[in-house]
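Peer 1: This is a predicted model, with the sequence first.
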Amino acid sequence: MIQGTSSSVGKSILVTALCRIFAQDGVKVAPFKAQNMALNSFVTRQGGEMGRSQVVQAQAAGVEPAVEMNPILLKPEADSRSQVVVMGKPWKTLSAGKYYRSKQKLWHTAAGALDRLCRDYELIIIEGAGSPAEINLKRDEIVNMHVARYLNAPVLLVGDIDRGGVFASLVGTLSLLDPEEKELTKGFIINKFRGDIKLLEPGLAMLAGLTENRPIVGVIPYIKDLRIAQEDSVFLDSTRSIGSGGMVNICVVRFPHISNYNDVDALTMEDNVRVYYVESVKELGQPDAVILPGTKTTLDDLRWLRSRGLDGAITALVASGKSVAGICGGYQMLGAKVRDRFGVEGRCSEQPGFGLLPVETEFEPEKTTALTRARVLGGEGFLRGLEGAEVEGYEIHMGGCILMDGAGSLLRFENGRLDGSVSVGGRVWGTYLHGIFDTPAFRRAWLRSLGWQGKGSGENLPDFQECEINRLADHVRSNLDMSLLYEIIAL
């Protein structure tokens, strides 16, 4: 089990690396995280929703993602309220207090999922959440030491040296653990190291003396420009711009409840494409295109967008000839109206949208979650010549869009349903299909309509991510004491 001294120390990335390392070594391995809080989610082949990180970890392990790998997913809708997804399906929307009172019931579900994984795999690499030393939450936690004790799993504690205070964090975390939990903690990993390792060595020796000679299993140097899907939007706090820039600049609105922002990852694979995130009109500038991404709370984020004047600024860009694309919640905003008659997002309400697409959104209590393929219906602008081109991705949304008279659809799903909408001229379009940019033909046709002049056929995002996972695994393996690690996990 990989636990950390805090959030964002690199637990998810290290579990991804370890899944690939052990898979390379011929071990049948799978990831597990009992409870994940994230708006970056994915849909399994069976239609279950789970955290994006565990999907990437499953890919690293070379196995099919399954909801057992992330049995409880919390999708925040407000500061103290989340939709609770259990075994891939929406269960309830709960306040923080009510969720904590439900934890023991949910633990039985998580333990059952873990038991099934243990029957099917030789090794489970478990990821914790936050820190095991949150003493105010410890009694009811079901994701850190509770899991380790359940399986008697050896724990490696990870600290982030890049943010400073790593020795105090490691020693302090260990000191707050119960005796049984300390016994399970077999060593440390120091992550995101920069500089000369010799300057660190005196501290490593002192750390061993302060922690009853627990070993340092590895010091992992900071790895630059790693392009693997992140767990949540905390990543965006320190990353406002991605890509090489120059030829085409694409702006993504960072909603307060932005979800599945990794939809734009494939765009940043292309040379001379810069993707940047904005929260204000001042940051918007004069991009070649704007993307309204997914959001967990379309109506609240639409209010937020209006309060900042971004709606008017984006509409003015369209009037000046720029392109706007909306995915899922962003697609809903581009229409004429968004209506929530059932209080799906917390309360019954209705708002006008941008009015840039001839659609209206109606929220429904039942969530659509599906992996799917579709074909482009064609049309004007960048869609000309794409007729019949296949794209694939996944849907995660509650409710749908009703096309108004004369509206043209963007896609036809393999089951015959129509999806999306396109404006006259093709400059404004929207879809519910997450991952639509992953298909090179669609992605590059849109980029060329923005003035991009790249060559070749382009690379599929999954192939690119495979190379990145292998790069990560090689980097981590070369900086871990693998003999000691095998000894700790008794393989």
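Peer 2: Nice, thanks for sending it over.

Peer 1: hey, let's count contacts and neighbours off CA atoms from now on
Peer 2: Fine.

Peer 1: Could you chop the chain up by domain?
Peer 2: 2-227+466-489, 248-452 (automatic domain parsing).

Peer 1: Ok, which of those domains comes nearest residue 458?
Peer 2: Taking Cα to Cα as the criterion, domain 248-452 is the member of the domains of the chain that comes nearest to residue 458, at 5.4 Å.

Peer 1: my read is residue 362 is in a strand, agree?
Peer 2: Yes: Residue 362 sits within a strand when classified using DSSP: H, G, I helix; E, B strand; the rest coil.

Peer 1: separation between it and residue 401?
Peer 2: Look at residue 362 and residue 401: by Cα to Cα, to the nearest Å, they are 6 Å apart.

Peer 1: Looking at the two, which has the bigger crowd around it?
Peer 2: More crowded of residue 362 and residue 401, by other Cα atoms under 10 Å: residue 401, with 22 against 18.

Peer 1: who touches that one in this structure?
Peer 2: Residues in contact with residue 401, defined by Cα atoms under 8 Å, 6 or more residues apart in numbering, are 332, 359-362.

Peer 1: Most neighbours out of those residues, which is it?
Peer 2: Of those, with other Cα under 10 Å as the count, residue 332 tops at 32 neighbours.

Peer 1: Hmm, residue 358 and that one touching each other?
Peer 2: No: the criterion here is Cα atoms under 8 Å, and residue 332 misses it with residue 358 at 10.6 Å.

Peer 1: Check which helix or strand the residue of the chain positioned farthest from its centre maps to.
Peer 2: Distance from the centre of the chain peaks at residue 209, with 38.4 Å (Cα atoms, centre = their mean). Taking DSSP states H and E as the definition, one finds residue 209 inside helix 197-210.

Peer 1: And the helices in the stretch 101-250 of the chain?
Peer 2: Here the stretch 101-250 of the chain has its helices, by DSSP state H, counting those that start in this stretch, at 103-120, 145-151, 166-175, 179-184, 197-210.

Peer 1: Quick check: buried residues in the first one?
Peer 2: Under the neighbour-count criterion of 16 or more other Cα atoms under 10 Å, helix 103-120 has 106-107, 109-111, 113-114, 117 buried.

Peer 1: Let me know the closest of the contacts of residue 401 to residue 407.
Peer 2: Distances from those to residue 407 were compared by Cα to Cα; the smallest belongs to residue 359, at 7.5 Å.

Peer 1: you'd agree the closest one is up against residue 333?
Peer 2: No: contact criterion Cα under 8 Å: residue 359 and residue 333 do not qualify, at 9.6 Å.

Peer 1: just checking, residue 70 touches residue 38?
Peer 2: No: applying Cα under 8 Å as the test, residue 70 and residue 38 come out as separate, 11.3 Å apart.

Peer 1: what is in contact with the two at once?
Peer 2: With Cα under 8 Å, 6+ apart as the test, residue 70 and residue 38 both reach residue 51.

Peer 1: of the two, who's got more company?
Peer 2: The residue with more neighbours, out of residue 70 and residue 38, is residue 70; 28 against 21, by other Cα under 10 Å.

Peer 1: any idea how far residue 447 is from the more buried one?
Peer 2: For residue 70, the distance to residue 447 (Cα to Cα) stands at 35 Å.

Peer 1: Done for today, thanks.
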